[in-house]
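Engineer: Please find the sequence and the predicted model below.
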Amino acid sequence: MGLTSQLFLLLTVGLFTANASELVPVYMWQTIPTKGLFPAVTHVSQETFKEILLQKQAHQHSERMIIFAEQSLSPEDFSAKTFYELSQLSDHTRVTYLPTVSTPMEVIQSFGSDIPSVSVDDIIKDPKLLERKQLIIDLNDAKDDEDRVDMLKRHSKFIAEVYEKVSASSRDNVLAIYTGRHSSWIVPGDIVKHRQTREVKAVEGVTKLPHFLVYLNGSFFHTAKDGTSIKELKSLVPKETGFDDKTGLGILTISTDGGDITLNYIRTVDGYWIVYNVTYGGATFTTDMHNPLGFSSSCSSNLTLRETSTGKTDFKPQFLQFPTFQLQFFNNGTNEKTVGFDDSYDCVGFTSPAIWSGLFVTVILAIIISIGIAMIMDIKTMDRFDDPKGKTIIINAVD
């Protein structure tokens, strides 16, 4: 194979990889009058985006879906001035904005090959096309005498008008999606960059469950209501008690030599999995363990949970201390390809001991410097000096 052929092959593979890895923003809204929820996931995979669409249709009973597809779109295109009409939709609809989704149009078209695709001119000529249950409107009507910002402003106004017509003529909940077929901004570093996955070594403490990957190292410690009786819980064996794919509710149980510890979790519609409480020995403990799908949760330090208050005046809480752990929920279940944890959200809070130490030292230094400056400014110098050629300064001593 010649040098020219090799270069051509490398260029072809590179272009294919870039196209396959395009990240496009997705702006979705529904006729439900609730506030918008914005997931914190940096990159949404095709699998996660498909699950979000399925859950929106299942939980919100979305019978109608209309997609507005630009030929190219990127997060840099979004601004309140450009999409003024779209920004006003958040006042009376439920809005979800995903800034980087991997080729969302492929996911949408995978719902069925019978979803018709029409142009803007087709809608103008035949408004009855909007009566279809599912419809893709290609916004491929760029004009030679307008720049990109003007085109997007025109599309924003067109989308708002179409959505008002569809929602006004339908009693069903309408799910509208605004996205693009390709990215209008391609950053080479984002194309070749992949999130590194830490491989799980075959060590004691790592367990693969139907929907979870769990690592435990150490023992639980339970503190009774008296505050002095501490019990060590060893022989940890995690198991998955149940998961309901429709509601997203599930239970992760950790068996110990002192009883079972239950982690109750939920997979939300907006792409999170949340452990909303932990139970042990009849007591419920408050937790704030929440992570986006595709991320794991870890804690290298000792995480201590406090029993949820019962509201009684003589209430004395119990405490449950976790060992070093890492766990991750897999939306579509684990398989032979599940070999490691994804990037983790650590339980360390914002005000860690290192931050407190830095703040304390900074405050002490600021006080010392302030006192030093004040003392320097309070020094008074002599305003008269003895002149050898002049009259001698005489200072009268007063008894």
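Structural biologist: Yep, that arrived.
Engineer: next one: phi and psi at the closest residue to Gly258 other than its chain neighbours?
Structural biologist: Leaving aside its sequence neighbours, Gly258 sits nearest to Leu233 (C-beta to C-beta, 6 or more residues apart in numbering; 4.4 Å). Heads up, the C-betas are built off the backbone N, CA and C, glycines and all. Per-residue torsions, Leu233: phi -110, psi 110 (degrees, to the nearest 10).
Engineer: Now do the same contact list for Leu233.
Structural biologist: 219-222, 256-259, 261 (C-beta atoms under 8 Å, 6 or more residues apart in numbering).
Engineer: at 7 Å instead, please
Structural biologist: Each residue near Leu233 by C-beta atoms under 7 Å, 6 or more residues apart in numbering is listed here: 219-220, 222, 256-258.
Engineer: which one among the residues you listed gets closest to Phe285?
Structural biologist: Nearest to Phe285 among these is His222, at 9.9 Å by C-beta to C-beta.
Engineer: In strands, which of the contacts of Leu233 fall?
Structural biologist: 220, 222, 256 (DSSP state E).
Engineer: Distance-wise, check the residue lying closest to Asp244 once chain neighbours are set aside relative to Cys347.
Structural biologist: In space, and not counting its chain neighbours, Asp244 is closest to Gly250: 6.9 Å by C-beta to C-beta, 6+ apart. For Gly250, the distance to Cys347 (C-beta to C-beta, to the nearest Å) stands at 20 Å.
Engineer: where in the stretch 201-350 of the chain is pLDDT low?
Structural biologist: 201-205, 300-301, 336-339, 348-350 (pLDDT under 70).
Engineer: Okay, helices next: where are they in it?
Structural biologist: Taking DSSP state H, counting those that start in this stretch as the criterion, the stretch 201-350 of the chain contains no helices.
Engineer: Mind listing the residues bridging to the residue nearest to Gly258?
Structural biologist: Phe220 (DSSP bridges).
Engineer: Correct me if wrong: Val118 contacts Ile137.
Structural biologist: Yes - using C-beta atoms under 7 Å, Val118 is in contact with Ile137, at 5.9 Å.
Engineer: the more surrounded of the two?
Structural biologist: Ile137 (23 against 16; other C-beta atoms under 10 Å).
Engineer: thinking again about what came up before, Gln30: which of the contacts of Leu233 is nearest?
Structural biologist: Closest to Gln30, out of all of the contacts of Leu233 and judged by C-beta to C-beta, is Phe220, at 42.4 Å.
Engineer: From Phe315, how far off is that closest one?
Structural biologist: Phe220 is 22 Å from Phe315, by C-beta to C-beta.
Engineer: Name the residue in the two with the higher neighbour count.
Structural biologist: Shown here are Phe220 and Phe315; by other C-beta under 10 Å, Phe220 has more neighbours (21 against 11).
Engineer: Does the more buried one touch Phe319 like I think?
Structural biologist: No - the pair Phe220 / Phe319 is not scored as a contact, 10.7 Å apart, by C-beta under 7 Å.
Engineer: Next, the buried residues of the longest helix along the chain.
Structural biologist: Assignment by DSSP state H gives helix 353-377 as the longest helix of the chain. Buried residues in helix 353-377, counting neighbours by 16 or more other C-beta atoms under 10 Å, are absent.
Engineer: I am finished for the moment; much appreciated.
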